[in-house]
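>>> Here is the input, now give the coordinates:
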Amino acid sequence: MQTQEQSYSSSLKFVSYLQGLRRDYNNSFDLLGIMAYLVKKDGPVDHEVLKAANQAFGKALFHGNVFQRERVKRFGKNGIKNRDLWDKRALYMYKVVLDEAISRIIRLEE
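Below you'll find the model as predicted:
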């Protein structure tokens with residue numbers, strides 16, 4: 001979920017849709033979580049959206065965020081190569097989220 005009002009609103013609708021599918025088809029899938037993406041650290045809207053998302057999604061909201069960085073915005077075109085400090089910082093954000101996702105998967109399997 002990007003930390004923008006429209007993205008937050010769409011995330012609420014999507015989670016509601018998933019809950020409806022789960023109920024309608026008597027299925028037992030779980031939502032691994034919701035990750036905040038392209039977060040601007042000093043953005044007032046970002047802070048408001050994160051606060052609202054935390055209230056709405058609770059434990060489903062990942063603790064790790066992917067912050068707005070030029071390397072992240074260019075990831076689709078150029079990739080992140082782990083060649084310099086900026087690549088390492090960008091990759092570290094993804095590693096934090098990946099580690100949390102793996103931890104959540106392990107807990108689901110227990």
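>>> contacts for the helix or strand hosting residue 105?
Using DSSP states H and E, residue 105 maps to helix 85-109. Outside helix 85-109, the residues that touch it by CB atoms under 8 Å, 6 or more residues apart in numbering are 30, 32-33, 35, 62-67, 69-72, 75, 80-82. Quick note: C-beta positions are derived from backbone N, CA and C, even for glycine.
>>> That one: how far from the chain's middle?
Offset of helix 85-109 from its chain centre (CA atoms, centre = their mean, to the nearest Å): 11 Å.
>>> hmm, back to that, list the ones among the contacts of helix 85-109 that fall in strands.
66, 67 (DSSP state E).
>>> The contacts of helix 85-109, buried ones only, as a PyMOL selection?
Buried subset of the contacts of helix 85-109, written as a PyMOL selection, criterion 16 or more other CB atoms under 10 Å:
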select buried, resi 33+35+62+64+65+66+67+71+72+80
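>>> Check the chain and tell me which residue is nearest its centre.
residue 35 (1.1 Å; CA atoms, centre = their mean).
>>> for the chain, what helix or strand is lowest in average pLDDT?
Every helix and strand of the chain was ranked by mean pLDDT, DSSP states H and E. The lowest is helix 75-78, at a mean of 80.
>>> centre of the chain versus that one, how much separation?
With CA atoms, centre = their mean, you get 19 Å for helix 75-78.
>>> Residues contacting it, please?
Contacts of helix 75-78 (CB under 8 Å, 6+ apart): residue 90.
>>> Buried ones in that helix, by neighbour count?
Under 16+ other CB under 10 Å, helix 75-78 has no buried positions.
>>> Tabulate the CA atom coordinates of that helix in PDB.
The C-alpha atoms that make up helix 75-78 are tabulated as PDB, following Å, rounded to 0.1, in the frame of the first residue of the first chain:
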ATOM      1  CA  PHE A  75      14.000  -0.400  -9.600                       C
ATOM      2  CA  GLY A  76      11.800  -1.500 -12.400                       C
ATOM      3  CA  LYS A  77      14.100   0.000 -15.100                       C
ATOM      4  CA  ASN A  78      17.600  -0.400 -13.700                       C
END
